[in-house]
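Novice: Prediction below, plus the sequence it came from.
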Amino acid sequence: MMVPLVSPEVVARLENDQRKLAALCERIRARLAHHHDPELQGLDADLDQLVTQHHHLLRGVLDAIVIDERD
């Protein structure tokens, strides 16, 4: 049987952090939409990459903290 090493509350907090990061990036993206500075144009893709990498990292951490009780 698979057993998590952390409480459901910790998992919920991590997932909530992911949602907060995505919301923050959306707010930044909305503000960037009003600027036409060439140096800022690449930030939209950078924000997407940040959210995606954080999500993959979070999933990897959550997968790693589950152990098989038979071990």
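Specialist: Everything's here; your move. Numbering: from 1, shown residues only.
Novice: What residues sit buried inside stretch 33-52?
Specialist: Buried residues in stretch 33-52, counted by 16 or more other C-beta atoms under 10 Å: 43, 47, 50, 51. All C-beta atoms are positioned from the backbone trio N, CA, C, and that covers glycine.
Novice: Name the nearest of those residues relative to residue 16.
Specialist: Lowest distance from residue 16 to the buried residues of stretch 33-52 (C-beta to C-beta) belongs to residue 51, with 14.2 Å.
Novice: contacting residues for that closest one?
Specialist: Neighbour list for residue 51: 18, 21, 22, 25 [criterion: C-beta atoms under 8 Å, 6 or more residues apart in numbering].
Novice: Make a markdown table out of those and add pLDDT and neighbour count.
Specialist: Shown next, in a markdown table, are the contacts of residue 51 (pLDDT from 0 to 100; neighbours: other C-beta atoms under 10 Å):
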| residue | pLDDT | neighbour count |
| --- | --- | --- |
| 18 | 86 | 16 |
| 21 | 88 | 16 |
| 22 | 87 | 16 |
| 25 | 86 | 19 |
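Novice: for the chain, what spans make up the strands?
Specialist: For the chain, applying DSSP state E gives strands covering 2-4, 66-68.
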